[in-house]
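quick one: sequence and predicted model below, then my questions.
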Amino acid sequence: MSRSPLPLLLDFDAQYQRDRDQTPAFLHRRDRRLALAREEAGAEPPSVAEWLHAVNASHHDPAPLRRWRRATLAFTGAGAVLGVLTMLGLLYVTGPARINVTLFVALALLQLLLALATAGQALAGWRPWGGLFNRDRHGAPVLRQLQPQLAARAAQAGGLAFALTALATLLAQVLVRDLAFGWSTTLQTSAPAYHQLMDALAWPWRAWLPAAVPGPELVAQSRYFRLEGGTPADPALLGGWWPFLTLLWLCYVVLPRLALLALSRWHLNRRARRLLRDHPGYAALRERFATPWVDSGADEPPGPAPARVEDTPA
């Protein structure tokens, strides 16, 4: 039978805590009988899931894990709402103003950096916010060792929801509005240098979708300055940025978040499997499976003393 590593770890730890109230002889006899029954059937010793099923182990306390699931749902919901609001704010302009491509690119790269930092924190096992979670004294001790991975999964789920709703909002605004994009920066940057930067950012798709890469003419005509007035020479040209910005958001925000969410789930399961293998009860269970049990009677209550035989005279 196949079970998710995290609930399996928690169930095993809960049964281990209950077994501490039993005598070693009782545990050895119980588990050795299971191993012998499997051996007689020509099978390998029982797995942890099969052993838990055989001993009728009750499930772990679901409250700590349920709190993490609620946290993940909260992060996901907050990310979805924030994605819509952020994109609407980014695309909001009044009058002849233009949407700043530089700000859009900076936001996309910032999201990428946040996603990588979250993944790195989990892989390194850092807990900069550990004091907040340590206030919960009722959670399973083994679950507290998985806090970096659980937090990373919640954060990546929220980031993916942010990325998807922001992308959907961008496409909806492109459909219903006439968006005018431009680029501006206080730095002394020329149009050719800015075009080289955009071309470098478009490396994931420029070979198979060159139409979504801004050309030199688009970059040159869409530059504007803060004191500039009037309308550009070719207003229709300024809407040509949207394919580039859509693919930029897809490749640098949505896909990394999706991949890192999958990585966070894999890392959580891998960490749970390792904690199960390193659990103090795991090695003891395997030893009881492999070691023959000899009934010495030490674990049985003592019986009545035998009658004393008196010496008779010859």
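Yes, it's here. Numbering: from 1, shown residues only.

nearest residue to the spatially most central residue of the chain in space, please, no chain neighbours.
Centre of the chain computed as the mean C-alpha position; nearest residue by C-alpha atoms, centre = their mean is residue 153, 2.2 Å away. The spatially closest residue to residue 153, leaving aside those adjacent along the chain, is residue 264, at 4.4 Å (C-beta to C-beta, 6 or more residues apart in numbering). Any C-beta I mention is one placed from the backbone N, CA and C, and that applies to glycine too.

how far out from the middle of the chain is whichever helix or strand the one you found is part of?
Under the criterion DSSP states H and E, the helix or strand holding residue 264 is helix 255-277. The gap between where helix 255-277 is centred and where its chain is centred comes out at 6 Å by C-alpha atoms, centre = their mean, to the nearest Å.

my guess is residue 182 is in a strand, correct?
Yes - read with DSSP: H, G, I helix; E, B strand; the rest coil, residue 182 is one of the residues of a strand.

number of nearby residues for it?
Using other C-beta atoms under 10 Å, the number of residues around residue 182 comes to 21.

so what pLDDT did the spatially closest residue to it that is not a sequence neighbour get?
Residue nearest to residue 182 in three dimensions, not counting chain neighbours: residue 98, with 3.5 Å by C-beta to C-beta, 6+ apart. Residue 98 carries a pLDDT value of 83.

pretty sure residue 98 contacts residue 181?
Yes - Residue 98 is in contact with residue 181 according to C-beta atoms under 8 Å; the separation is 5.9 Å.

residues that sit against both of the two, list them.
Counting by C-beta atoms under 8 Å, 6 or more residues apart in numbering, the shared contacts of residue 98 and residue 181 are 222, 238.

returning to what we had before: how many neighbours does the residue nearest to residue 182 have?
Counted by other C-beta under 10 Å, the residues lying close to residue 98 total 20.

go on, residue 16?
Each residue near residue 16 was counted by other C-beta under 10 Å, and the total is 17.

please read off the pLDDT at it from the model.
91.

looks like it contacts residue 142 (just checking).
No - under the contact definition of C-beta under 8 Å, residue 16 does not touch residue 142, with a separation of 9.5 Å.
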